[in-house]
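>>> how would this look folded up:
(chains A and B)
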There are 2 protein chains.
Amino acid sequence: MKKVKVALLGIGTVGGGVWEILHTNREEILKNCGYEIEVEKILVKDVTKKRNTDIPQHLFTSNIEDILNNKEIEMVVEVMGGIEPAKEYILRSIKEGKHIVTANKALLANHGEEIMKTAREEGVKVYYEASVGGGIPIIHAMKESLGGNKIQEVKGILNGTTNYILTKMTQEKVDFPTVLKEAQDKGYAEADPTADVEGFDAAHKLTILSSLAFGISTKFHEVHREGISKITPIDIEYAKELGYVIKLLAIGKEKEGVIELRVHPTFVPKYHPLASVNDSFNAVFVKGNAVGELMFYGRGAGDLPTGSAVVGDMMAILKAQGNVAVEVLDNYSVEKIVKPISETEAEYYVRLIVKDKPGVLGKIASLFGESNVSLSSVIQKGEGDPSVSLVFLTHYAKEGNVQEAIKKIIAIEEVVELANLIPVENGQKVKEV
Amino acid sequence: MKKVKVALLGIGTVGGGVWEILHTNREEILKNCGYEIEVEKILVKDVTKKRNTDIPQHLFTSNIEDILNNKEIEMVVEVMGGIEPAKEYILRSIKEGKHIVTANKALLANHGEEIMKTAREEGVKVYYEASVGGGIPIIHAMKESLGGNKIQEVKGILNGTTNYILTKMTQEKVDFPTVLKEAQDKGYAEADPTADVEGFDAAHKLTILSSLAFGISTKFHEVHREGISKITPIDIEYAKELGYVIKLLAIGKEKEGVIELRVHPTFVPKYHPLASVNDSFNAVFVKGNAVGELMFYGRGAGDLPTGSAVVGDMMAILKAQGNVAVEVLDNYSVEKIVKPISETEAEYYVRLIVKDKPGVLGKIASLFGESNVSLSSVIQKGEGDPSVSLVFLTHYAKEGNVQEAIKKIIAIEEVVELANLIPVENGQKVKEV
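So this is what the prediction gives:
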């Protein structure tokens, strides 16, 4: 088992997420990259500050030299944000031969070329998956999987705060200042919301994506940028009437060597996959001349999602170094058992064909109850016909119990047949067993 | 510039796509992986068969030994499908030290472990991005970017044919046999549709995904499997009434070391991102303990999308070999210009506040026309009030022209102000300039 020592610059939201993932998922990380990752130092402004964490005090330092001069530290993870001193620390770390993982979109959008050029000269890697779309692996996909494509479009919902605000305005028909205030109170928006609300954050991310997509230099200052503060509930209503939703889109397109780069509120047709990306979710839509249309959807911010991207980058650097061939399909240590379908729990849709006689519903409902299956909805159609459809939606139940109930139910004289039994896949209100 | 020689086993739909991408995107491939890829041999059943391609005749062979014995061929791309002889050819290629790229889900779901074990012993790579989700880079994401996660769920719409059929049944309210027949006539479904319609294809793909997600051996024979042939328009109607759509989902979940593996028609709530995946599109939904919920959406089949995944794998193998550090943000050769926003073309939503006087609509429409902006919709609200909203949706127009028109329009006495101007992002009916 190999070990690698790393330093974190900053231990805010993202840094805290990285720390937590490194510890909670220690086993997965070791298995998937072949290294045990040890945090050796954490750079903070004030080492005496009270912190609500399990991080040992001796890891903290307020002196960057403790990290730069430590030859054992092979990788520096910059999660402090802002242009300076992050830029200086990254450049000096590179010159010390340390690899870099960064989540800093503002820095890359403004000084990405200088950083990458220095890294190339020094032979170290700079990875930055977390700078765009939080946990969504869009950077990796653009650099690797889509490398055989000419990318024609990259566009998306790249800022969670503004998407949250627009979603609330749409769903609750309240105006921008009211929702912004509420978002600030809940901590979803910053006290100074300019970077999010006026589209700077999305423009930083678009700068990075478009550099990758179209093979161009970073052009932050050429991105056309408008924020969402002028959007009113009236516009949202008209959009709805016309078949659209309003989203803050970041749009990059290339046609015959000419690029479009723009961030602005946009009418998105309701049928488009981007239209149903709500709340603080992010999504990136890519169009390549081979792959066609692709969309990546996920949490664009937050400690663990962004931390997931940072840790993924750390592992990618280690794998590239050590040439660890982690292969699959036969690379398992602990074997796991597959649950029989009868033990599966879900809500179920049950459609029966029954003879329309008094009392049949009561009999069936009782039989469900006897097998511990409780019902959430009943629909009866075609009243008066000799045979009618009787539809049930169950609460969470074991498939085995549902099958047991149905076996008894179809034995009732008034029940003609089981027309269909289909599980519901909810994905949200999963009952803990 | 380095060169690498490869062989294709098969030149059907996917093989044809690979050939086309290697030639059309030659420049991108060279830039992104540092190698020129040359197809040296193509294995076919009958070399004399008339083919409607530009492939030189001397590349074809019907003798696998021509490929196995050619030491210059470093990589074998298996796109012939089926279990045998694909399995034998892959195993023998591996033993000759050749890397493998394959799109063969049935083979991997049934014999993945034997193939991976042999590859490990011989020190070659076997990549298989194209085996699940066509062009969607889900395998790469699972192996690399999400390596720092404990994966809790992987589920998705993994078969395009059945999703096309269910979408048609939902939208046009026709029954399964009718839509299947139509799909067969159009070539969207096979003459023997069993593999798709009865869920075998989705189960193969779920086997591969779940092995990666949960670190288990391939368990194709333990996947619970039901097809869509029993679904009727009546069930689809009830689903709609209850707030659901019916999708053929492949579902893998892990909870405390116990796995669920099932493929069956499923009620998906309308608000869930999987619910709006229509036609032949595929989507994979992943839940990790750090990253949260992620979704990948794209074309699950077809020559170029699947070819994109195959070519991406070929490049990944070459990059891992040559250790080519292709970096971005400063790795551009030809510079490209950014189009000014005034030259951008889109449809636009324009909301004006006007005094409700006769003739105002005509004046405004004429001014749009003078600037070459034609209108697709007009909505007027609040009739009778002194000031009313007048909303226009334009056809495709240059933003510069729209701005010019608006400048003249707001100068009219009856126009109080421009309340909002928002571009539409359609993504489908893009007018060619």
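>>> identify all contacting residues around the least confident helix or strand in chain A by mean pLDDT.
Least confident helix or strand of chain A, by mean pLDDT, DSSP states H and E, is strand A:337-338 with a mean of 72. For strand A:337-338, contacts defined as CB atoms under 8 Å, 6 or more residues apart in numbering or on different chains pick out B:219, B:222, B:257-261. Just so you know, the C-beta spots here come from the backbone N, C-alpha and C atoms, and that holds for glycine as well.
>>> filter these to the buried ones?
The neighbour count (16 or more other CB atoms under 10 Å in any protein chain shown) marks B:219, B:222, B:259-261 as buried among the contacts of strand A:337-338.
>>> and chain A, which of those reach it?
Among the buried ones among the contacts of strand A:337-338, the residues within reach of chain A (CB under 8 Å from any CB of the partner chain) are B:219, B:222, B:259-261.
>>> quickly check the residues you listed for the two that are furthest apart.
Farthest-apart pair in those is B:K219 and B:E260; separation 11.2 Å (CB to CB).
>>> which parts of the helix or strand that the least confident helix or strand of chain A is followed by are buried?
Later in the chain than strand A:337-338, the nearest helix or strand by DSSP states H and E is strand A:345-355. By 16+ other CB under 10 Å, the buried positions in strand A:345-355 come out as A:345-354.
>>> show me what strand A:345-355 is packed against.
Contacts defined by 3 or more CB pairs under 8 Å, 6 or more residues apart in numbering or on different chains; DSSP states H and E place strand A:345-355 against helix A:360-370, strand A:387-394, strand A:397-398, helix A:399-409, strand A:415-424, helix B:233-242.
>>> the shortest one pairs with which strands, and in what direction?
Right, the one you point to is strand A:397-398. strand A:345-355 (antiparallel) (DSSP bridges).
>>> about what we covered before: and which of the buried residues of strand A:345-355 is nearest A:D303?
Out of the buried residues of strand A:345-355, the member with the shortest distance to A:D303 (by CB to CB) is A:E345, at 30.1 Å.
>>> against B:K255, how distant is the closest one?
10 Å (CB to CB, to the nearest Å).
>>> could you do A:E414 as well?
Taking CB to CB as the measure, A:E414 falls 39 Å from B:K255.
>>> tell me which of those two has more neighbours.
A:E414 (18 against 13; other CB atoms under 10 Å in any protein chain shown).
>>> contacting residues around A:E36?
A:1-4, A:26, A:29-30.
>>> next, give phi and psi for it.
Dihedral angles of A:E36 (phi, psi; degrees, to the nearest 10) stand at phi -90, psi 120.
>>> now it: closest residue in space that isn't a chain neighbour?
Nearest residue to A:E36, sequence neighbours excluded (CB to CB, 6 or more residues apart in numbering or on different chains): A:K3, at 4.8 Å.
>>> is it fair to say the one you found lies in a helix?
No - under DSSP: H, G, I helix; E, B strand; the rest coil, A:K3 sits outside any helix and is assigned strand.
>>> check contacts around it.
In this structure, A:K3 makes contact with A:35-38, judged by CB under 8 Å, 6+ apart.
>>> what's the offset of the longest helix seen in chain A from the middle of its chain?
Ranked by number of residues, the top helix in chain A under DSSP state H is helix A:303-322. Distance of helix A:303-322 from the chain centroid (CA atoms, centre = their mean, to the nearest Å) equals 15 Å.
>>> kindly export that helix (C-alpha atoms) in PDB.
Provided in PDB are the C-alpha atoms of helix A:303-322 (Å, rounded to 0.1, in the frame of the first residue of the first chain):
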ATOM      1  CA  ASP A 303     -19.300  20.500   0.500                       C
ATOM      2  CA  LEU A 304     -19.700  16.800  -0.500                       C
ATOM      3  CA  PRO A 305     -20.600  17.100  -4.200                       C
ATOM      4  CA  THR A 306     -17.700  19.600  -4.800                       C
ATOM      5  CA  GLY A 307     -15.500  17.600  -2.500                       C
ATOM      6  CA  SER A 308     -16.300  14.500  -4.600                       C
ATOM      7  CA  ALA A 309     -14.900  16.200  -7.700                       C
ATOM      8  CA  VAL A 310     -11.800  17.400  -5.800                       C
ATOM      9  CA  VAL A 311     -11.100  13.900  -4.400                       C
ATOM     10  CA  GLY A 312     -11.700  12.400  -7.900                       C
ATOM     11  CA  ASP A 313      -9.000  14.700  -9.300                       C
ATOM     12  CA  MET A 314      -6.600  13.700  -6.500                       C
ATOM     13  CA  MET A 315      -7.100  10.100  -7.300                       C
ATOM     14  CA  ALA A 316      -6.700  10.700 -11.100                       C
ATOM     15  CA  ILE A 317      -3.300  12.400 -10.500                       C
ATOM     16  CA  LEU A 318      -2.200   9.500  -8.300                       C
ATOM     17  CA  LYS A 319      -3.400   6.900 -10.900                       C
ATOM     18  CA  ALA A 320      -1.600   8.700 -13.700                       C
ATOM     19  CA  GLN A 321       1.600   8.700 -11.600                       C
ATOM     20  CA  GLY A 322       1.600   5.200 -10.300                       C
END
